[in-house]
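S.K.: coordinates only, sequence not included:
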């Protein structure tokens, strides 16, 4: 009996082993990122050109730039609840928040929000208290 077990073990070791390089899976995969147009905060100028379409399960980096023409914010609680925020980078400082509801620029600056689109649906980002079409960008997560 021992010799049969030993023979089976030796035979298993002799089987060719396939070399697979699976790499990272899912969110960490290098091919799991998408491009997203930036958003500009400027008094009297549109936030972005047209609506934005994102794919659920894909990592994106949202670049927000404020030109300092006014104290402007950006809100979108529905959108921020439909994504997982990995990090927010402000002047080279990385913040890893549990979540966001809005951001605000008191002066000129840039911010990057790296996130994973999760929940499909129709969302928006807008300047708080604004009603103009150009002060809002519609975002669809497919």
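M.R.: Cool, got the structure. The structure presented is a predicted model; accordingly, all values stated were derived computationally and were not measured.
S.K.: how near is the residue positioned nearest the centre of the chain to residue 109?
M.R.: Ranked by distance to the mean C-alpha position of the chain (CA atoms, centre = their mean), the top residue is residue 115 at 2.1 Å. The gap separating residue 115 from residue 109 is 19 Å, by CB to CB, to the nearest Å. Heads up, the C-betas are built off the backbone N, CA and C, glycines and all.
S.K.: OK, contacts around the residue nearest to the centre of the chain?
M.R.: 59-62, 83-86 (CB atoms under 8 Å, 6 or more residues apart in numbering).
S.K.: just the buried ones from those residues?
M.R.: 59-62, 83, 85-86 (16 or more other CB atoms under 10 Å).
S.K.: hang on, residue 64 packs against residue 36?
M.R.: No. Shown here, residue 64 and residue 36 do not form a contact pair, counting by CB atoms under 8 Å, at 10.9 Å.
S.K.: for the closest residue to residue 48 other than its chain neighbours, give me its contacts.
M.R.: Spatial nearest neighbour of residue 48, chain neighbours left out: residue 137 (4.3 Å); criterion: CB to CB, 6 or more residues apart in numbering. For residue 137, the contact set (CB under 8 Å, 6+ apart) comprises 39, 47-48, 51-52, 124-126.
S.K.: thank you, goodbye.
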